[in-house]
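Enquirer: got a structure for you, letters missing:
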């Protein structure tokens with residue numbers, strides 16, 4: 001169960017790194033950190049993004065907690081960027097679902113869904129959804 005813990009730790013490090021780069025949009029800094037972590041340890045992220053059937057309940061509990069934290073981060077950032085956003089909770093839920101799927105596709109097919117391709121797509125998609 002160390003692999004999902006590594007992935008979760010990488011995610012926390014990416015969020016923390018955003019504080020060191022205030023000139024960059026937080027989403028961009030965090031996303032770059034997550035992509036770097038995925039490329040460094042794709043097997044951990046494969047387990048984090050798509051746990052196998054029959055995995056221990058503890059793993060699912062830890063993944064559920066991580067999901068809750070990521071969605072909270074997304075919602076907080078959306079509200080910070082656009083306090084008038086109509087439904088930040090559902091927007092964060094949609095962004096999380098789409099982002100998780102895109103990251104999963106990068107893990108399973110990194111030559112088709114490249115980091116550069118995602119870096120070009122994700123910030124623009126978030127900007128459209130957040131109203132920035």
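Expert: Perfect, I can see it now. In this text, all values refer to a predicted model and were calculated from it rather than measured experimentally.
Enquirer: how close does residue 96 sit to residue 57?
Expert: According to Cβ to Cβ, to the nearest Å, residue 96 stands 22 Å off from residue 57. Yep, even glycine has a C-beta here, placed from its N, CA and C like the rest.
Enquirer: in which helix or strand would I find residue 116?
Expert: helix 115-130 (DSSP states H and E).
Enquirer: Then residue 79?
Expert: helix 57-81.
Enquirer: If you count neighbours, what's buried in that helix?
Expert: By 16 or more other Cβ atoms under 10 Å, the buried positions in helix 57-81 come out as 59, 62-63, 66, 70-71, 73-75, 77-79, 81.
Enquirer: before we move on, what about stretch 25-43?
Expert: Neighbour-count burial for stretch 25-43 flags 25-35, 37-38, 41-42 (criterion: 16+ other Cβ under 10 Å).
Enquirer: Count the neighbours of the closest residue to residue 50 other than its chain neighbours for me.
Expert: Excluding the flanking residues, the one nearest residue 50 by Cβ to Cβ, 6 or more residues apart in numbering is residue 104, at 5.7 Å. Counted with other Cβ atoms under 10 Å, residues neighbouring residue 104 total 17.
Enquirer: Now tell me what touches the helix or strand where residue 104 lies from outside.
Expert: Using DSSP H and E, residue 104 sits within helix 88-108. For helix 88-108, contacts defined as Cβ atoms under 8 Å, 6 or more residues apart in numbering pick out 34-35, 38, 42, 45-46, 49-50, 67, 70-72, 74-75, 78-79, 85, 112-115, 118, 121-122, 125-126, 129-130.
Enquirer: show me the contacts for the most far-flung residue of the chain relative to its centre.
Expert: Most distant from the centre of the chain: residue 54, at 24.0 Å, with distances by Cα atoms, centre = their mean. Listed by Cβ under 8 Å, 6+ apart, residue 54 has no contact partners.
Enquirer: three-state assignment of it?
Expert: At residue 54 the chain is in coil, as set by DSSP: H, G, I helix; E, B strand; the rest coil.
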